[in-house]
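Visitor: Could you look at this predicted model? Sequence included:
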Amino acid sequence: MASYLSQAKYLILQFSSCKVIHIKRSKNKSAEALSKLASTNFEHLAKDIRVEILDRMSVPQNQVLVIQTGVESWMTPIMAYLSSGILLEEKVAARKIRHKALNYQMQEGVLYRRYFLGPLLRCVDAEDANYLIREVHESICGLHAGSRMVVAKLMNAEYYWPGMHMEAIQEIRKCDSCQRRAPNTLRPKNELVPVTSA
């Protein structure tokens, strides 16, 4: 949608004057009928209705160029072991990776963790994990929930990385909105110590 918006802004600049008016949904029945027409089959339509089918997009697709590849993360040794059987030199580290690899699976070059309560969970690195936490916690649909709810939503969205609970707690503590609007607890900071009178 962002590319269509930029294309529309570019086309607006080509005109000498342009006016954009918001039309209420109740008064815009022809546009709504047109949008429903796009999802129907055209064979039953009468001959007097003219339908044009576009075979290519009106917005040119952006080319994505890979800038950085081969970044080391926690997934690198597990992926190397699962894809080609390469282990580290140290025996203890190699045994740990061999033991961890039992819980993981490679599909089309992507690492997934086996999850016994649901589908496979896609493994992500630290940078993507930070973005996912912020997206679930404070994006447009974010509810500024606690760390347990954020991790549960991420696992329902089929993502995984080790230490996701601790990273969620650290990221939520940085949220300015949660710090300002958190409810004040009226409970004492320490447990009360009863003192008996003499």
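Guide: That came through fine. Residues are numbered from 1 along each chain as shown.
Visitor: Neighbours of residue 179, how many?
Guide: Applying other Cβ atoms under 10 Å, we find 10 residues neighbouring residue 179. Backbone N, C-alpha and C define where each C-beta goes, glycine included.
Visitor: what helix or strand is the nearest residue to residue 12 once chain neighbours are set aside on?
Guide: Once flanking residues are discounted, residue 12 sits nearest to residue 18: 4.8 Å by Cβ to Cβ, 6 or more residues apart in numbering. Counting by DSSP states H and E, no helix or strand carries residue 18.
Visitor: And residue 18, how far from residue 9?
Guide: Taking Cβ to Cβ, to the nearest Å as the measure, residue 18 falls 10 Å from residue 9.
Visitor: Equivalent analysis for residue 94, please.
Guide: Counting by Cβ to Cβ, the gap from residue 94 to residue 9 is 56 Å.
Visitor: which residue packs closest to residue 173, ignoring adjacent ones?
Guide: Distances taken as Cβ to Cβ, 6+ apart place residue 179 nearest to residue 173, at 7.7 Å, with adjacent residues excluded.
Visitor: so is that neighbour in a helix, a strand, or just coil?
Guide: helix (DSSP: H, G, I helix; E, B strand; the rest coil).
Visitor: picking up where we left off before, please say which of residue 94 and residue 9 ends up with more neighbours.
Guide: The neighbour count for residue 94 versus residue 9, taken as other Cβ under 10 Å, is higher for residue 94 (15 against 9).
Visitor: Wasn't that one part of a helix?
Guide: Yes: with three-state DSSP as the criterion, residue 94 is part of a helix.
Visitor: My read is that it contacts residue 80, right?
Guide: No: assessed by Cβ atoms under 8 Å, residue 94 is found out of contact with residue 80, at 11.2 Å.
Visitor: Give the residues shared as contacts by the two.
Guide: Listed as contacting both residue 94 and residue 80 by Cβ atoms under 8 Å, 6 or more residues apart in numbering are residue 87.
Visitor: where's the one residue sitting closest to the centre of the chain, which helix or strand?
Guide: For the chain, the residue sitting closest to the mean C-alpha position, by Cα atoms, centre = their mean, is residue 132 at 5.2 Å. Residue 132 belongs to helix 126-138 when assigned by DSSP H and E.
Visitor: now for that helix, which elements pack on it?
Guide: Secondary-structure packing of helix 126-138 (3 or more Cβ pairs under 8 Å, 6 or more residues apart in numbering; DSSP states H and E): helix 147-156, helix 164-173.
Visitor: Show me the protein divided up by domain.
Guide: Listed domain ranges for the chain are 76-113, 124-181 (source: automatic domain parsing).
Visitor: how about those domains, which one is nearest residue 25?
Guide: Distance to residue 25, taken as Cβ to Cβ, is lowest for domain 124-181 among those, at 21.0 Å.
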